[in-house]
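Chemist: coords below, sequence missing:
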C-alpha cells in the first residue's frame, strides 16, 4: 500500500515539471492533476475518468500506471462497479452446456465429412494420385501460420528536459530506418518525451539537458554528442 497522491507529486517535482507543462503533454486539465495529487477524487467527473487520468499521469512520469489504478480500486472502489461484472458472468455459465453441445455436434459432423471424403477418394482408386482436399491444405496453413519467436526487448521511454539552457536535439526511433521523432531546438524549461524499442539521440549541448530513462536519471557519456538509447542505458552510437 502506498500514497497515490504524494508519490505522483514526488515524481513530478523530482523531474522539475510544472502543471502547465504536464497538462499540455497529457491533455489532462491542471485542476484534475492537482486533484489526483491531493487524492480529491470526488472532484473528477466519474471513477472511469479517475482511472484513466491516473494511468496516463503515472505513465507520463515514468511510473507503472496499472499499479496506481489497482491501488485506487483497492482503496476507493466499492461494490457498485463490481455488480455489472457479476451480472455478465451469470448468463455465460447458463449458456455453457449449449456451447459444449454445439462443439460436440460440430466435431462429429467434421469427423463424418472427413471420413466420407476418404472413402470417396479410396473407392475411385489411385490413392497415390488422389488428394483429400482440406487435410493437406490445413496442415500447410498451420505451418505457415506458426508465429516466429522474437526475443523480448524492454521498451524505452526517454524524457529530455532543457534544465540549464537550450540545446538542439535530434531523436530517431529504431534507426536507421525508423521514424524521425524530433529535430529542433529544445528551449530552456521545455520537456519532450520519446518512446520506442531503442532510440538514436544527438544533442548540441549535453550539459544543458536532464535525461530520465524509464523513470531513472541517466547521464550523457562524456566525450560524445551522439548516443544509442536502450533500456540498459546510453551508449556512444556505434560503440
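Modeler: Structure received. These numbers were taken from a predicted model, which means no experiment stands behind them.
Chemist: how close does residue 160 get to residue 192?
Modeler: 5 Å (C-beta to C-beta, to the nearest Å). For glycine as for every other residue, the C-beta is placed from the backbone atoms N, C-alpha and C.
Chemist: The two - which one has more neighbours?
Modeler: Neighbours per residue (other C-beta atoms under 10 Å) separate residue 160 from residue 192, with residue 160 holding more: 22 against 16.
Chemist: I'd guessed the more buried one sits against residue 190; true?
Modeler: No - if you go by C-beta atoms under 8 Å, residue 160 and residue 190 don't touch, sitting 9.0 Å apart.
Chemist: Mind listing what's buried along stretch 17-34?
Modeler: When burial is assessed from 16 or more other C-beta atoms under 10 Å, stretch 17-34 yields the following buried residues: 17, 21, 22, 25, 26, 28, 32, 33.
Chemist: Over to stretch 3-12?
Modeler: Buried-residue list, stretch 3-12, by 16+ other C-beta under 10 Å: 4, 7, 8, 9, 11, 12.
Chemist: Need the overlap of contacts for residue 160 and residue 192.
Modeler: Jointly contacting residue 160 and residue 192 under the rule C-beta atoms under 8 Å, 6 or more residues apart in numbering are 169, 171, 186.
Chemist: got the contact list for the helix or strand encompassing residue 235?
Modeler: Element membership for residue 235, per DSSP states H and E: strand 233-236. For strand 233-236, contacts defined as C-beta under 8 Å, 6+ apart pick out 201, 211, 213, 218, 219, 220, 221, 224, 226, 227, 228.
Chemist: Low-confidence stretches in the chain?
Modeler: For the chain, applying pLDDT under 70 flags the ranges 78-101, 118, 120-153, 239.
Chemist: quick check: domain ranges of it?
Modeler: Segmentation of the chain into domains, based on automatic domain parsing, reads 4-76, 156-236.
Chemist: tell me how far the first one is from the chain's mean position?
Modeler: Distance of domain 4-76 from the chain centroid (C-alpha atoms, centre = their mean, to the nearest Å) equals 18 Å.
Chemist: hmm, back to that, looking at the contacts of strand 233-236, which is nearest residue 64?
Modeler: Nearest to residue 64 out of these is residue 213 (C-beta to C-beta; 15.4 Å).
Chemist: Next one: that closest one from residue 62, what distance?
Modeler: Where residue 62 is concerned, residue 213 sits at a distance of 8 Å (C-beta to C-beta).
Chemist: Now for those two: what residues contact both?
Modeler: With C-beta under 8 Å, 6+ apart, residue 213 and residue 62 have common neighbours 157, 159.
Chemist: which stretches of this protein form helices?
Modeler: 4-14, 19-26, 30-38, 47-60, 65-76, 83-123, 135-145 (DSSP state H).
Chemist: So which other helices or strands are in contact with the second one?
Modeler: Judged by 3 or more C-beta pairs under 8 Å, 6 or more residues apart in numbering; DSSP states H and E, the packing partners of helix 19-26 are helix 30-38, helix 47-60, strand 191-196.
Chemist: thinking again about what came up before, only the buried residues of the strand holding residue 235, if you could.
Modeler: Quick answer for strand 233-236 (16+ other C-beta under 10 Å): residue 234.
Chemist: Identify the bridge partners of the residue nearest to residue 183 when sequence neighbours are not counted.
Modeler: Leaving out its chain neighbours, the residue that sits closest to residue 183 by C-beta to C-beta, 6 or more residues apart in numbering is residue 170, at 4.5 Å. Per DSSP bridges, the residues bridged to residue 170 are residue 183, residue 202.
Chemist: Kind regards, and thank you for your time.
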